[in-house]
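> could you look at this predicted model? Sequence included:
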Amino acid sequence: MTTVFESVSPRLYRNVEAALVGEAALIVERGRAVTVRGAATRELLARTFTIADPLQRVVALPHRHNHLAATIVDTLWVLSGRNDIAAITPYLPRAPQYSEDGTTWQGGYGPRLRDWRGTDQLDYVRRVLLADPHTRRAVISLYDPAVDSIL
């Protein structure tokens, strides 16, 4: 199978919300129709873009139903290393729908971020960047092929 990458120039967005809107529009306009797990969707491969002010990262688009408290709770939940859905269900009522066992999220970022096979990746990256702010070794992996790969 040959994959064709459509050339779309990298774009500069003022913040995360502008990037979400701009990239979604680009996918609708220029994306290639594909079927993933039986569902029709569109994709653009090998995209890059820049966000001018990454500190402006709250997405508050109309009709998206994003709740700021839920965003804050979700962030703290991940940073604390958790993947149990009981803690976030009051803020994200549909959380149990995405749980494989009704109790946890198998692919939850919290444990992968804070206890990846015994390593606190967030603390590791903090220490590496303190030692060398220009390092290219400050990398966090959230994908676990042993858990996430479905054959």
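Looks like it came in fine. Predicted model only: the values in this text are computed from it and were never measured. Residues are numbered from 1 along each chain as shown.
> residue 108: neighbour count?
19 (other Cβ atoms under 10 Å). Any C-beta I mention is one placed from the backbone N, CA and C, and that applies to glycine too.
> got the phi/psi numbers for the closest residue to it other than its chain neighbours?
Distance criterion Cβ to Cβ, 6 or more residues apart in numbering; nearest residue to residue 108, sequence neighbours excluded, is residue 83 at 2.6 Å. Residue 83 adopts backbone torsions of phi -140, psi 10, taken as degrees, to the nearest 10.
> hmm, residue 83 is touching residue 110, no?
Yes - with contact defined as Cβ atoms under 8 Å, residue 83 counts as touching residue 110 (5.0 Å).
> mind listing what the residue nearest to residue 108 touches?
104, 105, 106, 108, 109, 110, 111 (Cβ atoms under 8 Å, 6 or more residues apart in numbering).
> closest one of the residues you listed to residue 51?
residue 109 (20.0 Å; Cβ to Cβ).
> can you give me the helices in the protein?
16-30, 68-79, 109-114, 121-131, 145-148 (DSSP state H).
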